[in-house]
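J.: please work out how this folds:
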Amino acid sequence: MVQMDFKSNHNSPVLTDQVPVHKSRLRMSSIMPPAATFSSSLFLNIPRRKNLSGKLDDVRASSWLDAMKASSPPSKKLNKEINLDTVPDETDSEYFSWLMKYPSALSSFEQIMNFAKGKKIALFLDYDGTLSPIVDNPEHAFMPSAIRFAVKNAAKYFPTAIISGRSRDKVHGFVGLKELYYAGSHGMDIVGPVRDSESVASHPNCIRSTDEQGKEVNLFQPASEFLPMIEEIFRSLIENTKDIIGSKVENNKFCVSVHYRLVDEKNWDVIAQRVLEILKNYPRLRLTYGRKVLEIRPIIDWNKGKAVEFLLESLGLSNSDDVLPIYVGDDRTDEDAFKVLGEGNKGFGILVSSVPKESHACYSLTDPSEVMEFLRSLVRWKKCELGAAHLLT
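T.: Numbers count the residues shown, from 1 in each chain. The predicted structure is shown next:
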């Protein structure tokens, strides 16, 4: 049963996103067990101070600039050359220690599939940084064709959903696959299958609709009342940041993203001050941050974790011992989904990261190319399983 209690939640852990430094992990041992618990200690600590009039979530009044810098390390790290054919040396001891807690999902694939035997796998995937590389211009975050093909193949064998911070229409345009289910705006805009589920169909924010192919679907938008407010603050942010070179304001329907990836670092305080000043007039909105982006969202008790629960319910796969949900994501907002699946060992979270950071996930992958290989491995495994079942009949 999906519980939908729309209250504000300001207790999310502070997690930082660093610029990836690629390391090959295909030779890592698969004997490392997944993490059993979540540690409150982080590899990079951000000062925690009093909230600004209750307006801020993870960006604190006196530490927001530190938070922005911590989640956006110097770009020179991007130029560090790593020999992918060489096992990391002693300088990577922190990375190896981290891998003991979050082993590679590729090296541990057999272990994961042993747990999956006799179960229905459901796939949930983030988009930016998971299926597409992080790029300077968010409008150019295109998914490589090889990854799109891997996702398309996986969807033939497993129910698959994309859960993104982008607007649903925008991420659907990037992915371009009709076989999937889509949840945009961090799960505040969901299209799911129509089923005779009372907890889903009876909710006031869930309506019957039709998709682009004319198929009947459930459209769930728990923050629909915020649409006029989001549009208003979007226009205000456009007007108040237009003089900041490199800034970009993106309307993701139920949230607004202010990108500062192309903004000179000396102006980061300016862009943050502009955002905070506008936000003072909107007590029902909150400010969070990600990788070189500030995001304004409604204060409701809804996140990617609850979106996973809703989709499982819509698919008829909730509260069942023979279902294994797997969520793959790279950002702070994906932690809510990792946490939901980790509670009661419902499923597995896989963090996409090439640098150590604390997570609710069980396993890790370094980048979208490894996500692609993991999806390919899932398809091969399923084909073998179906072939073996056919021989027994």
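J.: what about the helices in the protein?
T.: Counting by DSSP state H, the segments of the chain that form helices are 64-70, 93-101, 109-116, 145-157, 168-175, 198-201, 227-241, 268-279, 304-314, 335-342, 368-392.
J.: who are the packing partners of the third one?
T.: Contacting helix 109-116 under the criterion 3 or more C-beta pairs under 8 Å, 6 or more residues apart in numbering; DSSP states H and E are the following elements: helix 368-392. The C-beta positions use only the backbone N, C-alpha and C, and glycine is treated the same way.
J.: make it 6 Å
T.: If you count contacts as 3 or more C-beta pairs under 6 Å, 6 or more residues apart in numbering; DSSP states H and E, helix 109-116 packs onto no helix or strand.
J.: pick out the residue closest to the middle of this protein.
T.: Asp334 (3.7 Å; C-alpha atoms, centre = their mean).
J.: phi and psi next, for the closest residue to that residue other than its chain neighbours.
T.: Leaving aside its sequence neighbours, Asp334 sits nearest to Asp126 (C-beta to C-beta, 6 or more residues apart in numbering; 5.4 Å). Dihedral pair for Asp126: phi -70, psi 170, per degrees, to the nearest 10.
J.: one more: Tyr102?
T.: Dihedral pair for Tyr102: phi -130, psi 70, per degrees, to the nearest 10.
J.: so can I have a markdown table of the helices of the chain showing distance to Glu250?
T.: Listed next are the helices of the chain as a markdown table, based on distance: least, C-beta to C-beta, whole Å:
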| stretch | distance to Glu250 |
| --- | --- |
| helix 64-70 | 17 |
| helix 93-101 | 32 |
| helix 109-116 | 35 |
| helix 145-157 | 22 |
| helix 168-175 | 8 |
| helix 198-201 | 29 |
| helix 227-241 | 9 |
| helix 268-279 | 13 |
| helix 304-314 | 18 |
| helix 335-342 | 21 |
| helix 368-392 | 21 |
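J.: between those helices, which one is nearest to Asn137?
T.: The closest of those to Asn137 is helix 168-175. By C-beta to C-beta, the value is 13.0 Å.
J.: run through who's touching that closest one.
T.: Applying C-beta atoms under 6 Å, 6 or more residues apart in numbering, the external contacts of helix 168-175 come out as Tyr127, Met143, Ile162, Ser164, Tyr182, Gly184, Asp189.
J.: what is the burial count for the residue nearest to Glu179 when sequence neighbours are not counted?
T.: Among residues not flanking Glu179 along the chain, Ala155 sits closest, at 4.1 Å (C-beta to C-beta, 6+ apart). For Ala155, the neighbour count with other C-beta atoms under 10 Å is 19.
J.: state the distance from Ala155 to Ser353.
T.: As defined by C-beta to C-beta, to the nearest Å, Ala155 lies at a distance of 25 Å from Ser353.
J.: which parts of stretch 184-198 are buried?
T.: Gly184, Ser185, His186, Gly187, Met188, Asp189, Ile190, Val191, Gly192, Pro193, Ser197 (16 or more other C-beta atoms under 10 Å).
J.: nope, stretch 231-247 is what I meant
T.: Ile233, Phe234, Ser236, Leu237, Asn240, Thr241, Ile244, Ser247.
J.: try stretch 105-113
T.: So stretch 105-113, judged by 16+ other C-beta under 10 Å, has buried residues Ala105, Leu106, Ser107, Ser108, Phe109, Gln111, Ile112, Met113.
J.: ok, back up a step: ok, of the helices of the chain, where does mean pLDDT dip lowest?
T.: Note on the helices of the chain: lowest mean pLDDT is at helix 198-201, with a mean of 57.
J.: I'd say Thr241 and Ser247 touch.
T.: Yes. Counting by C-beta atoms under 6 Å, Thr241 touches Ser247, with 4.6 Å between them.
J.: returning to that earlier point: quick one: the residue nearest to Asp334 and Ile300, what's the gap?
T.: Taking C-beta to C-beta, one finds Asp126 at 20 Å from Ile300.
J.: neighbour count winner among those two?
T.: Asp126 (24 against 21).
J.: now tabulate the contacts of helix 168-175 in a markdown table and tack on distance to Trp268 and pLDDT.
T.: Shown next, in a markdown table, are these (distance: C-beta to C-beta, whole Å; pLDDT from 0 to 100):
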| residue | distance to Trp268 | pLDDT |
| --- | --- | --- |
| Tyr127 | 25 | 97 |
| Met143 | 29 | 94 |
| Ile162 | 30 | 98 |
| Ser164 | 25 | 96 |
| Tyr182 | 32 | 96 |
| Gly184 | 27 | 96 |
| Asp189 | 29 | 96 |
